[in-house]
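> No letters, just coordinates:
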């Protein structure tokens, strides 16, 4: 109460000063007064009340009609005051939600974390960056006892929290699979059944699954409607697409996935990605597929991890540091 | 001033009647201009809810005293359909999103105490209090 009275004194002086000088200095102070009032949650009707009281003190002879008109003004401001308070409350709530979300995002990071394995003769690079707080992309490395490396890259159509929840489910299904070597087609077929049973039909998940056998350097892969990867032939210095047509996960319970195989020669490279890479946008323009290859080629001389990081940096800059979609890129290179 | 006075709410015009009576009592108790305006707005909101959703009800006023405080108690009663999701109507941004006004959260902000009892099919009773400072 005492601060408000102090403010009234202050306001009266400011008002007097302005009426006398009509000077910008007083108006600037009025602006300060208004900011100060907002910091102290003073609503517009209270300011009008202060104004009326100040007027009464400055002009004791103020006509009663004018005074009545001030009450009228005060009454019309009540709803604005309420809207202001509601806005404050909603803002606090929003901050609360934001901090909850960042806790959830951290939890997701822990849940979905995967360790990039060390393999003799194979150089591996992986990067996954969410567009918003929660990542709707997912990648996972599995190393089995027989010396094979399984790599999964998945994308939930849709972003944010629902996509993230979905991904956690995928990860736990994959963890529950037996630890012996599993063929990509079998993995996708099992996951398809899990998704079909547990996920709302409006949600689609695509996945590319590859299995690299380090004994005979054969790469087996299947895809469930996922963005095709690329394959780099070291000998011809050429890229080709790693496409494996297949239905997205969860559409029908008995989907089957064809498995493909590629023999990996020394210096060859397998590139797996999500559409956050290929559907980068520069302004309103989607980049051309050749541009992705150009950028890959440009950084190919680097070790795999540095290569994916540099490619990411390039596209991040191209999009003015505002990712529109989650970005995941994995490079596997057989060393020469 | 420990009598209770009520205004029946049937027509939109009755909202004005309720505001007028509420403001007169508030003035007598000694509330200042800003609080009078807040009380009147709260009354509007309560009376309009009766008019819009129950069709028939009343708003009652009572000057109250507690320890050494004086205040105004307002009770809005109707036999309307009741409110199914109380937590929803008390949520910010729920009723106001359609530009319907302050809603019940607004009433709660305008007053010092707020209590609501509502059963589906048995009407709603809202009691609010504003204390004189």
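Yep, that arrived. From a predicted model like this one, the values you see are computed outputs, not experimental measurements.

> Now do the SS call for residue A:212.
Assigned state for residue A:212: strand (three-state reduction, DSSP: H, G, I helix; E, B strand; the rest coil).

> Equivalent analysis for residue B:65, please.
Under three-state DSSP, residue B:65 comes out as strand.

> Can you check what pLDDT the model gives it?
Model confidence at residue B:65, given as pLDDT, is 92.

> which residues in chain B form strands?
B:4-9, B:57-66, B:69-78, B:113-119, B:123-131 (DSSP state E).

> now the angle from the second one to strand B:123-131?
With axes from the mean of the first three to the mean of the last three C-alpha atoms, to 10 degrees as the basis, strand B:57-66 and strand B:123-131 are set at 30 degrees to each other.

> Strand B:57-66 pairs with which strands, and in what direction?
In the sheet, strand B:57-66 lines up against strand B:4-9 (antiparallel), strand B:69-78 (antiparallel) (DSSP bridges).

> At the contact with chain A, which residues of chain B appear?
B:32-34, B:37-38, B:40-41, B:92-93, B:96, B:101-102, B:105-106, B:109-110, B:133 (C-beta under 8 Å from any C-beta of the partner chain). Placement of C-beta: from N, CA and C, glycine included.

> Pull out the buried residues from these.
B:33-34, B:37-38, B:40-41, B:92, B:96, B:101-102, B:105-106, B:109-110 (16 or more other C-beta atoms under 10 Å in any protein chain shown).

> and residue 9, how many neighbours?
Because you didn't say which chain, this covers chain A. When neighbours are counted by other C-beta atoms under 10 Å in any protein chain shown, residue A:9 registers 12.

> look at chain B instead
26.

> and the residue in the stretch 151-300 of chain A that chain B sits nearest to, what helix or strand is that in?
Nearest residue of the stretch 151-300 of chain A to chain B, counting by C-beta to the nearest C-beta: residue A:161, 19.8 Å away. Secondary structure from DSSP states H and E places residue A:161 in helix A:160-175.

> likewise residue A:32?
Short version, using DSSP H and E: residue A:32 is in helix A:24-39.

> outside of that helix, which residues touch it?
Contacts of helix A:24-39 with the rest of the structure, by C-beta atoms under 8 Å, 6 or more residues apart in numbering or on different chains, involve A:7, A:10, A:11, A:14, A:17, A:18, A:46, A:47.

> can you count the residues close to the residue nearest to the last one when sequence neighbours are not counted?
Meaning residue A:47. Using C-beta to C-beta, 6 or more residues apart in numbering or on different chains and skipping the chain neighbours, the partner closest in space to residue A:47 is residue A:37 (6.2 Å). Neighbour count for residue A:37, taken as other C-beta under 10 Å: 18.

> At the contact with chain B, which residues of the stretch 51-200 of chain A appear?
Residues of the stretch 51-200 of chain A lying near chain B (C-beta under 8 Å from any C-beta): A:52, A:71, A:74-75, A:78-79, A:82-83, A:85-86, A:89-90, A:93.

> Inside helices: which ones of those residues?
Among these, the members found in helices (DSSP state H) are A:52, A:71, A:74-75, A:78-79, A:82-83, A:85-86, A:89-90, A:93.
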